[in-house]
Each structure stands twice: as structure tokens, then as C-alpha cells.
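Undergrad: Sequence and predicted model, in that order:
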Amino acid sequence: MKAYIVTRIGENRGTPRIWFEGNRVARSGFVPGTHYSVATEKGRLTLKVCDDGTRIVSIRRRGEHELPIIDLNSHDISKAFAGIEVVRVILRENEIHILPLATELKCQEREARVKSRVAAGQPIRVGSLSHGGGVLSHAIHAGFVKAGVPVELAFANDIRDDLLEHASRANEAWSDSTISLSAPMQDLAMDRWAMQRLPQVDVLECGIPCSGASSSGRAKRHLSAAEAHPEVGHLIHAFLSIVEQTNPSIVLVENVPNYASTGSAWILRNQLRDLGYTVSETEVRGSEWGALEDRKRFVLLGVSKGLSLTLDSLVPPMTAAGCINDILDPITEDDPRWSTMPGLKAKQERDMAAGKGFRMQIMTGIESKIPTITKGISKNRSTDPKIQHPTQGDLLRVPTPAEHARCKLVPETLIAGLCATTAHELLGQSIVTAPFKALGELMAQCFRDAAATIELSQAA
């Protein structure tokens, strides 16, 4: 390759025009006065130096320099690049190839792939990063199943091998063909051998680790920016590398609300736009989707530009959640898990005396909401919610993993067999499932509508 140019298709007197000039043209053998031919096919123009060519390289004088000019002004351009505004020009020895942008070709490929899969009744393929126990994958899977569109989990990646192993047994989104990728996301993204063997997917979803973006994470490490987190602040690069490799038609990212204002989020928005995706965003709240835990999550959706779906379609049903008493396990009043928690109460007194805002969050059971339950609730930290004894108000306990799951509307099967600590970690890093199940249904309908265009064109 001698040179690479990205240029816009212009217009001259109502006819499409592509032109370029300079030493790079001459170095490819197209010097002024040279004859060349033009071959036209869909998606490509090929120029070749040849003695019997019907076109001649023009010349422009600029001072003492003579510059060769290639000037194509023909309706052949429309035939080759219908609907395309920008092309790439690849200059080789005695040849020039004019093609759509690589991003445009990838856009066409992924949309054609998902349309043909749905039309043929083949399952939609989903890839999952930062999978954890697969709560997000399970919700999306359930949405597709409810919509009647077959779906399969093509691969799942997480840094924790124990959670992947558990998900492979407990999560119905998994199948025997699901590829388990137990590795840091950044190591996977930089492994060319592994990346070349990742399957192309139709949906890629990820809850990018939020330790650097959450208020508590930034305060704990005194971070100046989310990207300053030494372990997860740089993962947007790995994520986008895997997006580019797997070329999904839909990209889904969820995170804490603070993530929306990070540098990583701006890189994500702008790079997805340049890759040919339409980006929409929203914030979902558990309380609006029938969950007791009013967890707030930032949601970003990138949809290939030829498909029709935005998060404006994700409308909460405003379902009533009931009260905390409705989801409590039948724990006896003399169960040893009840405690006065004197250490935490003493700490609360010290915090109040020092003017700090930390308070214990005690639930009597009649509340219709519960504060966010974190992954570290097993440590019984002072600000995690506690359940109050039904008759002895000074006794408290930590919610059980099953109660934690019910607060998030997570199927308890996803934590079956796990110890309490691991179950809470899995759940605390996950989502309230209802909005993402609804989003899975919307994705399924989007793909079904896209596949219908094939049938219409064939009928015509």
C-alpha cells in the first residue's frame, strides 16, 4: 500500500464526484498524462494504469510543481456507492481501489447477519463481559424468550472463575456451546489469538466495573477521576476493542449513574457513533419497575444505524412493589442471626457526635423500598440496611441472600448453592432485572422488524 485516504463523495453539476491529487498519486504510478481504466461494481471502483485506458491523469500546476489529479465525475459513483457519503481510497502500485469505509462494511455485515438469523429461525447470539453470575444475561435472555425469539449465550467473560463456573451450572442463559472466558477483560482484549476466535454476536452486553465511578469508590481511593482507578479505570479501551472484534448489532452498557459524566462514557458515546451506532441513554430505577430495592442504573444502548430502537421505548410499568415483609424468609424470633449490634450502634453515636452523616438504615418491614444492598453486606457494615426484629426493636439482622435476590427481582436459582458471602457479592454487583428483561423484549422486536424487511424485499 502506497497511501490511504478517507474522502467525501462530492457533487459537480448534479453528478457525484470523487477527486484527489498530489505526490501520493504519482508514487502509485498515476503520473500526469498516464492512461488508466475504471472498473465499476457494487461497493468498489478500481482504477488501473494501462496503455489502452480511456481516462487520463490530469495535471495541476502549483508554483513550480506539477500535481497529478484523479477526478471522477460520473453516475458510476452512485451505482457503486448508493447511500454512502464517505469512502476510503487505497493507493497501490499502478492500482487505486475506492471502497466504502471499513466501518460502513462492518455495519452492513452485522445488520445482514442478524436479519438472516431471525429470518431463518436461528438463535440471536449474545456476548457478555463482566458477566459475574450472569444476572444481566439472564434478564435479556428471558426477554427474548418471552418475545418468542430464540437466543443463546455465545460467550461470557469475567475475572472471577468461581462465578463463571457457578453461572455455567445455575444460569439457564448458558448452554453447552457457551464459551467461558475466565480472564481480566484487558488481557482478553490484548490476546490476538483469543480475539480472532471470538464468535460474531448480535448483542454485546456489559456492566463495566463501577469501582472508579461510584461515589464510595472515588472517596475511598481519593480519585480525581473514575479513570484513575488502577484496576478498572482503563477498561473502556478493552471493552471497545471487543466491540470492534465481535461486531454486534446492539451494544448494551449498564453502570452507576455517576458513570454518565465520566471520560470513559464520552469515549464510549463518541466511538460507538463513529462505528455506525445510534446511541441513546436513560436511567432506570428499581422502584419504578416493581422492585423493593430502588437501585438506580445508567443505561447506554448503541444500535446499528440501520436498525430502529432507542431507550425512549423502555417505559416503566410503575408496578407496585408491595412491602419488605412480603419477601422476608420465615426466620424464627429466637434465631441466632438476631443481634443488638452494639458495635455499630456505638459507631453511629460517634458519627453523630462528630457531625458525620452516616446512619444505620433499619427496616421494620412495612417499608415499600429498601436502600441499595451492596456486594459487601455480609461484612455487616454500618450503612447497609438491617432488618428489625418483629417484637424486640433492639435486635437486628442482615438480609439473607434470598431476601436480597427478591428485592432485586433476581431469580433465586441464580444463587442456589452459594455461600452467603459469595451470593451477596454476586447480587450486589448486579441489577434490578425487570427493566432489562423488558429491554430484551424490545431488542427481540427490533430484530424481528429488521428481518421482515428481507421478506418484503423478496416479495417485491
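TA: The structure has been received and is ready for your questions.
Undergrad: what bridges to the residue nearest to residue 277 when sequence neighbours are not counted?
TA: In this structure, residue 277 finds its nearest non-sequential neighbour in residue 302, 3.6 Å apart by CB to CB, 6 or more residues apart in numbering. From N, CA and C alone the C-beta is placed, and that goes for glycine too. Beta bridges link residue 302 to residue 251, residue 279, judged by DSSP bridges.
Undergrad: List the contacts of residue 302.
TA: Taking CB atoms under 8 Å, 6 or more residues apart in numbering, we find residue 302 in contact with 250-252, 272, 275, 277-279.
Undergrad: Same question for residue 267.
TA: For residue 267, the contact set (CB under 8 Å, 6+ apart) comprises 236, 240.
Undergrad: Apply 6 Å and report the result again.
TA: With contact set as CB atoms under 6 Å, 6 or more residues apart in numbering, residue 267 has these partners: residue 236.
Undergrad: What strand or helix carries it?
TA: Using DSSP states H and E, residue 267 sits within helix 263-274.
Undergrad: which sections of the chain are below the confidence cut-off?
TA: Where the chain drops to pLDDT under 70, the residues are 212-213, 216-218, 454-460.
Undergrad: In it, which helix is the longest?
TA: The longest helix of the chain (DSSP state H) is helix 434-459.
Undergrad: Return the helix holding residue 267 as CSV; C-alpha atoms alone will do.
TA: Provided in CSV are the C-alpha atoms of helix 263-274 (Å, rounded to 0.1, in the frame of the first residue of the first chain):
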residue,chain,number,x,y,z
GLY,A,263,-14.4,10.5,30.4
SER,A,264,-15.0,6.8,29.7
ALA,A,265,-18.7,7.4,28.9
TRP,A,266,-17.8,10.2,26.5
ILE,A,267,-15.3,7.9,24.7
LEU,A,268,-17.9,5.2,24.6
ARG,A,269,-20.6,7.5,23.1
ASN,A,270,-18.4,9.1,20.5
GLN,A,271,-16.6,5.9,19.4
LEU,A,272,-19.9,4.0,19.0
ARG,A,273,-21.2,6.9,16.9
ASP,A,274,-18.1,6.6,14.7
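Undergrad: Isn't residue 291 up against residue 432?
TA: Yes. Using CB atoms under 6 Å, residue 291 makes contact with residue 432 at a distance of 4.4 Å.
Undergrad: Compare the two (neighbour count), which wins?
TA: More neighbours surround residue 432 than the other of residue 291 and residue 432, with 28 against 25 (other CB atoms under 10 Å).
Undergrad: Please report how far the residue nearest to residue 277 lies from residue 201.
TA: The gap separating residue 302 from residue 201 is 13 Å, by CB to CB, to the nearest Å.
Undergrad: repeat for residue 422
TA: Computed as CB to CB, the residue 422 to residue 201 distance reads 28 Å.
Undergrad: Neighbour count: these two, which is higher?
TA: Higher neighbour count among residue 422 and residue 201: residue 201, with 27 against 19, using other CB under 10 Å.
Undergrad: what about the nearest residue to the more buried one once chain neighbours are set aside, which helix or strand?
TA: Counting by CB to CB, 6+ apart, the nearest residue to residue 201 once its immediate chain neighbours are dropped is residue 127, at 4.0 Å. Element membership for residue 127 (DSSP H and E) is strand 124-129.
Undergrad: Could you verify my assumption that residue 288 touches residue 316?
TA: Yes. Under the criterion of CB under 6 Å, residue 288 makes contact with residue 316 at 3.9 Å.
Undergrad: more crowded one of these two?
TA: Neighbour totals were compared for residue 288 and residue 316, and residue 288 leads with 18 against 15 (other CB under 10 Å).
Undergrad: For the residue lying closest to residue 135 once chain neighbours are set aside, the count of nearby residues, please.
TA: Nearest non-adjacent residue to residue 135, counting by CB to CB, 6+ apart: residue 430, 3.7 Å away. Here the count is done by other CB under 10 Å, and residue 430 has 27 residues near it.
Undergrad: does residue 430 count as helix, strand or coil?
TA: Following DSSP: H, G, I helix; E, B strand; the rest coil, the label given to residue 430 is coil.
Undergrad: Quick check: phi and psi at residue 325.
TA: phi -60, psi -30 (degrees, to the nearest 10).
Undergrad: And it, how far from residue 392?
TA: 16 Å.
Undergrad: I'd say residue 130 and residue 204 touch.
TA: No. Under the criterion of CB under 6 Å, residue 130 is not in contact with residue 204, lying 11.3 Å apart.
Undergrad: for stretch 346-360, which positions count as buried?
TA: 347-348, 351, 360 (16 or more other CB atoms under 10 Å).
Undergrad: got it, and stretch 7-24?
TA: Buried residues in stretch 7-24, counted by 16+ other CB under 10 Å: 9, 16, 18, 20-22, 24.
Undergrad: Sitting in helices, which of those do you find?
TA: Among the buried residues of stretch 7-24, the ones falling in helices (DSSP H) are residue 24.
Undergrad: out of the buried residues of stretch 7-24, who's nearest residue 43?
TA: Ranked by distance to residue 43 (CB to CB), those are led by residue 9 at 13.2 Å.
Undergrad: Any chance of the backbone angles for the closest one?
TA: According to degrees, to the nearest 10, residue 9 has phi -80, psi 120.
Undergrad: next one: residue 319
TA: Per-residue torsions, residue 319: phi -80, psi 130 (degrees, to the nearest 10).
Undergrad: Great, nothing more from me.
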